[in-house]
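[1] The following block contains a protein sequence and its predicted model.
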Amino acid sequence: MPERTQVDTLLDLFAEAGLLQFGDFDAGGGRRRPFLTRFELLASYPDVLAACVDAAEARLRAGDYVRLLCDVAALPFGVALALRTGIPLVYSRGVGQPPVDDLVGAYDIGHKTLLVTTVLDGDMLALPWVQGARRVGLETAGVLALLDARGLALTGDTAALVHLTQAVDNYAAQGKIPVGQAAAVRAWLGLQSTP
């Protein structure tokens, strides 16, 4: 029997708590997608949150970051990381205001910052509020996500604790989701199914 990894443990916890679900979900704008994340509920599952922080801590320390930055959706994860590492957190209220009114936290010019997010599904550094944070001194040099939902190879200082492809392969192999559902996710990602 193969040795269980930290990713295996996270995937089990995500499934048990319903934080990562598979099916047919509305993605807005008339689009559908074959998975749903509920990471906004992470604070209600302290054991899962602690496991996420355990998995993230080593990656975080390696970057010599002096600030963490997150949006409201990632606030439980960001606060837990800040408590564990002692790295101050700044968060966006998500109200679309100028950075001085949107960002909550202590910061100054030249702070090497890690963007903490729940789901990586695009160019996070191009988001308007992240660009606004950069203009007021938070030099966002990396991204750490709970889940990479893009299906692309991560580069540079971008990391995810779990990749969606890992999740579907793991769940399908354990019989937690039908093989057809795994194929639907891979098709949505634009990837070929594994045999």
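    Perfect, I can see it now. Numbers count the residues shown, from 1 in each chain.

[2] use CA for all of it now, contacts and neighbours both
    OK.

[3] Where do the helices of this protein begin and end?
    Ranges of helices within the chain are 6-17, 46-61, 75-85, 99-102, 128-135, 164-173, 179-189, based on DSSP state H.

[4] Figure out which of those is closest to Val119.
    helix 164-173 (9.9 Å; CA to CA).

[5] Contact partners for Val48?
    Counting by CA atoms under 8 Å, 6 or more residues apart in numbering, Val48 makes contact with Leu10, Leu13, Phe14, Leu42.

[6] Test my guess that Pro76 contacts Tyr45.
    No. Using CA atoms under 8 Å, Pro76 is not in contact with Tyr45, being 10.3 Å away.

[7] Who has more neighbours out of those two?
    Pro76 (21 against 14; other CA atoms under 10 Å).

[8] Please list all residues in contact with the residue lying closest to the more buried one once chain neighbours are set aside.
    The shortest distance from Pro76 to any non-neighbouring residue, by CA to CA, 6 or more residues apart in numbering, is to Ala43 (5.6 Å). Counting by CA under 8 Å, 6+ apart, Ala43 touches Leu49, Pro76, Phe77.

[9] thought Ala184 was touching Pro34?
    Yes. With contact defined as CA under 8 Å, Ala184 and Pro34 form a contacting pair (6.5 Å).

[10] Restrict stretch 120-138 to CA atoms and write it as PDB.
    Coordinates of each C-alpha in stretch 120-138 appear next as PDB, following Å, rounded to 0.1, in the frame of the first residue of the first chain:
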ATOM      1  CA  LEU A 120      -6.000  29.900  -8.400                       C
ATOM      2  CA  ASP A 121      -8.000  30.200 -11.600                       C
ATOM      3  CA  GLY A 122      -6.400  33.000 -13.500                       C
ATOM      4  CA  ASP A 123      -3.700  35.700 -13.200                       C
ATOM      5  CA  MET A 124      -4.200  36.700  -9.600                       C
ATOM      6  CA  LEU A 125      -1.500  39.300  -9.800                       C
ATOM      7  CA  ALA A 126      -3.500  41.200 -12.400                       C
ATOM      8  CA  LEU A 127      -6.500  41.600 -10.200                       C
ATOM      9  CA  PRO A 128      -7.300  45.300  -9.700                       C
ATOM     10  CA  TRP A 129      -7.100  45.200  -5.900                       C
ATOM     11  CA  VAL A 130      -3.800  43.400  -6.100                       C
ATOM     12  CA  GLN A 131      -2.500  46.000  -8.400                       C
ATOM     13  CA  GLY A 132      -3.800  48.700  -6.000                       C
ATOM     14  CA  ALA A 133      -1.900  47.000  -3.200                       C
ATOM     15  CA  ARG A 134       1.200  47.200  -5.300                       C
ATOM     16  CA  ARG A 135       0.700  50.900  -5.800                       C
ATOM     17  CA  VAL A 136       0.700  51.500  -2.100                       C
ATOM     18  CA  GLY A 137       3.800  49.500  -1.300                       C
ATOM     19  CA  LEU A 138       2.800  45.800  -1.100                       C
END
